[in-house]
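[1] Give me a 3D structure for the following:
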Amino acid sequence: MSVLVKSVLLLSMLTLVWARHTDVYITNHLEGREDLHIHCKSKDDDLGEHVLHINQAFHISFGTNYFFGTLFFCSFQWGNSPLLHFDVYDQDRDFYKCNHCEWYVQKDGLCRLEQQRDHSYVRKCYDWNP
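    Residues are numbered from 1 along each chain as shown. Sure, this is the predicted structure:
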């Protein structure tokens, strides 16, 4: 087998190992039971605008980039609030923390359960992007 063929096969196997399926769920947990308006995108895809009623979720499903760099970001707004932003999946931050990421939107930011090294889960909250 030529070196080129071996290289292509190795790269293909690495792609299968490093690229994994990821699901992100964004759930409206706003106090006051307000509707949440979201608009999510990646650098390649615009997932459109959606309105989430209290406890409703929006689901994003994708394969991660084996060279890292997968990023999905959303804008959020409710009532008369300003337009806020958050990176709902940043592969550099999230790859080892979740492949089934469940975000709960609150007025002061987003929270989720994150798996620790001992396989326990801890609730972690993040502020809105600047």
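[2] Pull the contacting residues for the residue most central in space within the chain.
    Nearest to the mean C-alpha position of the chain, counting by Cα atoms, centre = their mean, stands residue 89 at 2.7 Å. Residue 89 is in contact with 22, 24, 60, 62, 70, 71, 72, 101, counting by Cβ atoms under 8 Å, 6 or more residues apart in numbering. For the C-beta atoms, the positions are set from N, CA and C on the backbone; glycine is no exception.
[3] now do residue 30
    When contacts are counted by Cβ under 8 Å, 6+ apart, residue 30 touches 36, 54, 78, 105, 106, 107.
[4] Quick check: phi and psi at residue 117.
    Torsion angles at residue 117 (phi, psi; degrees, to the nearest 10) stand at phi -60, psi -30.
[5] ok, back up a step: and the residue nearest to the centre of the chain, what's its pLDDT?
    At residue 89, the pLDDT value in this model is 96.
[6] what pairs with it across the strands?
    For residue 89, the beta-bridge partners are residue 72 (DSSP bridges).
[7] Check residue 49 too.
    residue 39.
[8] in the protein, which spans are strands?
    With DSSP state E, the ranges of strands along the chain come out as 21-28, 36-42, 46-52, 57-63, 71-77, 84-90, 100-106, 109-115, 121-126.
[9] Make CSV out of those strands and add distance to residue 2.
    Below are the strands of the chain laid out as CSV (distance: least, Cβ to Cβ, whole Å):
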stretch, distance to residue 2
strand 21-28, 32
strand 36-42, 36
strand 46-52, 42
strand 57-63, 29
strand 71-77, 36
strand 84-90, 38
strand 100-106, 40
strand 109-115, 42
strand 121-126, 48
